[in-house]
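Student: Test case, fold it:
(2 chains)
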Amino acid sequence: MASASGSLPRYILQRVLLIIPIVWILLSLVFLLLRVAPGDPVTASVGGRLAPEALAERRAALGLDRPLWQQYLEYIGNVARLDFGKTISDNIPVTQVVRDNGGATLTLALAALLVALVVGVPLGVLAGRYRDSARDVVIRIFGIITYAAPVFFVGLLAQLLFAVKLGWFPTSDIATPVTKFQVPPRTHILLLDAVLDGNTTAVRDVLLHLVLPAITLGLLLCGVFIRLVRVNMLQTLKGDYVEAARARGLPERRVLVAYAFRNALVPFVTVLGLQVALLLSGAVLTESTFNWPGLGLKLVDYIEARDYAAVQGIITLFAVTVVVISLLVDVVNALIDPRIRY
Amino acid sequence: MAVEGAEPAVRTVTPSYRRLAQRFVSPITQTRGVARWILFAGLFITGVFVVAAIFAPWVAHYGFAQKRADGVSFPKRSAPSGEHPFGTNDQFYDVLSRVVWGSRTALLVVLLSLVASIIVGVLLGLLSGYLGGLLDRVLVLLMDALFSFPSLLLAIVFAFLLSERLGGGILAAALSLTVIYIPQYFRVVRNTTVTAREATYVEAARSIGAGRWTIMRRYLLPNVVHSVPVVGTLNAADAIGTLAALGFLGLGIQPQDAAEWGYDLKRALTDISSGIWWTAVFPGLAIVLLVTGLTLVGEGLNETINPTLRRRRLLPVTLPPRTQDERS
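Tutor: Coordinates of the predicted model:
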């Protein structure tokens, strides 16, 4: 793996080349699982509702009457051109589903990430610094419980307490129907559209709707962040440079932030890339809990409708997103830390 | 320390299966300090659920899909009372009974999927790591691909397919969980095998004419499985959550097959807006507790096994009292 030459472009090239087989395997896997196994997706999805001739027509339109290897090649070719096919149940391109619902998922994911960083990182630093103290134990138990609690349960509790009992926030959905109607879709990201429109009531409305889902999903990641930052802090605090900084009489706060924490960040960023998968999985569940109109909610809808084509398209997109983001994280890491690219 | 030093001498005479068992048990006896408390708290919580699962017919007052007792129907969505300590849900089921039976479902599914994924993962990891070559490269790539796939999505795909074939039963759920944990055991075992196969004791075995199967079974296996308990307990915790997530999305075990906490939470979603809390809170708490218990066990084990976290050498050293001739 370690190449003799240590240039950055070479490392990036290696990394990019490595994702090609991985993406290819993922695509083949998804195709194999969803296209081959069930037999006939059209009958599975709209079987009872259409006449046999109409079904055959739909099958032909989707290319399902052709040999499997042809379908496979076409699927790979289409994905390479960012065409994820058409849904069977409502016959719209998957890319359109992604355009209409991806924004909501993105908003939720970014807001949750923000919550997790703001809450998780400082707690992790504290727990690492005061290892085995009461503070450490309390923080770690908090981290374990937030990670242990299923997002949908946390979501249910949040709804029960803050929406139903206290009435501070709305129970579910991304905005009130009025807001959805008023804000013209430009970027298909409702929050951004509302901001662009200069509609302050709409922005407020979307933000109010965002609070509970973002905190719910954020807490899940928060547990992971606490654990990661804590472990890395434990390692960096053992370092000679930390001892040297202390010996020079630097204030503890500065030793913590500028020496221990800064060096703990590098491994943290590496593992951050792996959390994209968790974030996406969590988003699917959070969206189902809060009826948040994102891709995850759509995915569950299509699963219930037995729409294989749509499920295949959305799953493919999720898988590719995860792989590409982890690649980006690796590249960013190589930029930060020269040791990685050898 | 003197006792630990004497151990290898004992081990050479114990039969191999006992040595293997020792590798699983020794981390527990080696724990120290906070790690010990974490481990024992986890074992206690998990133990309570195991007992509830095994003795479910005695612990629960009613069956998991029972709607009436003594000819009287249960009330719908009744608040917790003496009759139904955790209340009843929208399907007239007794929530307490479903929580108890749910622990049996959860532990059974997780046990099945863990055993299956450990067997497959360890076996493939050993083969891949020891034999190397093309098989190794293909398997590593495949496992990397599986590993980079979000695990819940993978489970969703499998549950979606298997529910068509096998119905929404325990077996289908266990199989869909199995797939997502195989890569983890594979990775751990393969990487340790790659280092271990160059070790002197393997070379020695080879030089006295041991075949590749003997080497893998007698020499490598006992030396590469030491991290399996940690990965296993952490995966068990994760699997409980994933099973519940599948149930919550309507892809898991169907209510007539077994009681499942995630499914109950899905039903509870509609109760929340009318302020009915008991249908959600109890199954949810059960998940949180069991996952926490298993995570604590895993964390406790990790702190003792993982050398970068272990703190043993920082512990105060207690020296044996000096004997007379040493003092002189």
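
Student: can you pull out the helices in the stretch 151-300 of chain A?
Tutor: Taking DSSP state H, counting those that start in this stretch to define them, one finds helices in the stretch 151-300 of chain A at A:151-158, A:177-182, A:190-197, A:200-237, A:240-247, A:252-254, A:262-290, A:295-304.

Student: Packed most tightly, which of these would that be?
Tutor: Of those, the one with the most neighbours on average (mean count of other CB atoms under 10 Å in any protein chain shown) is helix A:151-158, at a mean of 26. Just so you know, the C-beta spots here come from the backbone N, C-alpha and C atoms, and that holds for glycine as well.

Student: Show me the domain layout of chain A.
Tutor: Taking automatic domain parsing as the reference, chain A has its domains at A:2-80, A:95-304.

Student: does any part of the shortest one sit near chain B?
Tutor: This means domain A:2-80. Yes: against chain B, domain A:2-80 shows contacts by CB under 8 Å from any CB of the partner chain at A:Pro21, A:Ile22, A:Ile25, A:Leu26, A:Leu29, A:Val30, A:Leu33, A:Leu34, A:Ala37, A:Pro38.

Student: From what I see, the first one and B:Val138 are in contact.
Tutor: No: using CB atoms under 8 Å as the test, A:Pro21 is too far from B:Val138 to be in contact (10.1 Å).

Student: that older thread, give me the buried subset of the residues of domain A:2-80 next to chain B.
Tutor: Burial by neighbour count, 16 or more other CB atoms under 10 Å in any protein chain shown: within these this picks out A:Ile22, A:Ile25, A:Leu26, A:Leu29, A:Val30, A:Leu33, A:Leu34, A:Pro38.

Student: Tell me which helix or strand the third one sits in.
Tutor: If I follow you right, that is A:Leu26. Taking DSSP states H and E as the criterion, A:Leu26 maps to helix A:8-31.

Student: buried residues in that helix?
Tutor: A:Tyr11, A:Ile12, A:Arg15, A:Ile19, A:Ile22, A:Val23, A:Ile25, A:Leu26, A:Leu27, A:Leu29, A:Val30, A:Phe31.

Student: repeat for stretch B:185-201
Tutor: B:Tyr185, B:Phe186, B:Arg187, B:Val188, B:Val189, B:Arg190, B:Asn191, B:Thr192, B:Thr193, B:Val194, B:Ala196, B:Arg197.

Student: Hmm, the fifth one is touching B:Leu126, no?
Tutor: Yep, that's B:Val189 we're talking about. Yes: B:Val189 lies in contact with B:Leu126 (CB under 8 Å); the separation is 6.0 Å.

Student: who touches both of the two?
Tutor: B:Val224 (CB atoms under 8 Å, 6 or more residues apart in numbering or on different chains).

Student: Mean pLDDT lowest where, among the domains of chain A?
Tutor: Per-stretch mean pLDDT for the domains of chain A is lowest at domain A:2-80 (a mean of 72).

Student: any idea which residue sits dead centre in chain A?
Tutor: Central residue of chain A (CA atoms, centre = their mean): A:Leu280, 2.9 Å from the mean position.

Student: what's the spacing between the closest residue to that one other than its chain neighbours and A:Ile226?
Tutor: Closest residue to A:Leu280 apart from its sequence neighbours, by CB to CB, 6 or more residues apart in numbering or on different chains: B:Pro150 at 5.1 Å. According to CB to CB, to the nearest Å, B:Pro150 stands 21 Å off from A:Ile226.

Student: again, but for A:Thr200
Tutor: If you go by CB to CB, the gap between A:Thr200 and A:Ile226 works out to 36 Å.

Student: Could you do A:Ile336 as well?
Tutor: In terms of CB to CB, A:Ile336 sits 22 Å off from A:Ile226.

Student: ok, now B:Tyr62?
Tutor: Using CB to CB, one obtains 40 Å as the distance from B:Tyr62 to A:Ile226.

Student: Also B:Leu107?
Tutor: 27 Å.

Student: still on that earlier bit, now for the residues of domain A:2-80 next to chain B, which pair is the farthest apart?
Tutor: A:Pro21 and A:Pro38 (26.5 Å; CB to CB).

Student: ok, back up a step: ok, of the residues of domain A:2-80 next to chain B, which one's closest to chain B?
Tutor: Chain B has its nearest neighbour among the residues of domain A:2-80 next to chain B in A:Ile25, at 3.8 Å by CB to the nearest CB.

Student: so the closest one makes contact with B:Leu142?
Tutor: Yes: counting by CB under 8 Å, A:Ile25 does reach B:Leu142; the two are 6.2 Å apart.

Student: can you give me the strands in chain B?
Tutor: Along chain B, counting by DSSP state E, strands occupy B:68-69, B:72-73.

Student: For the stretch 1-150 of chain B, give me the ranges with low pLDDT.
Tutor: By pLDDT under 70, the low-scoring segments of the stretch 1-150 of chain B are B:1-16, B:19-20, B:22-34, B:59-60, B:63-65, B:67-74, B:76-79, B:82, B:84-86, B:92.

Student: Could you do the stretch 151-300 of chain B as well?
Tutor: Looking at the stretch 151-300 of chain B by pLDDT under 70, you get B:167-168.

Student: try 90
Tutor: Residues of the stretch 151-300 of chain B meeting the criterion pLDDT under 90: B:151-177, B:179-181, B:183-289, B:291-300.

Student: Show me what from it comes close to chain A.
Tutor: Going by CB under 8 Å from any CB, the residues of the stretch 151-300 of chain B near chain A are B:151-153, B:156-158, B:160-161, B:164, B:237, B:241, B:244-245, B:248-251, B:262, B:265, B:268-269, B:272-273, B:275, B:277, B:280-281, B:284, B:287-288, B:291-292, B:295-296, B:299.
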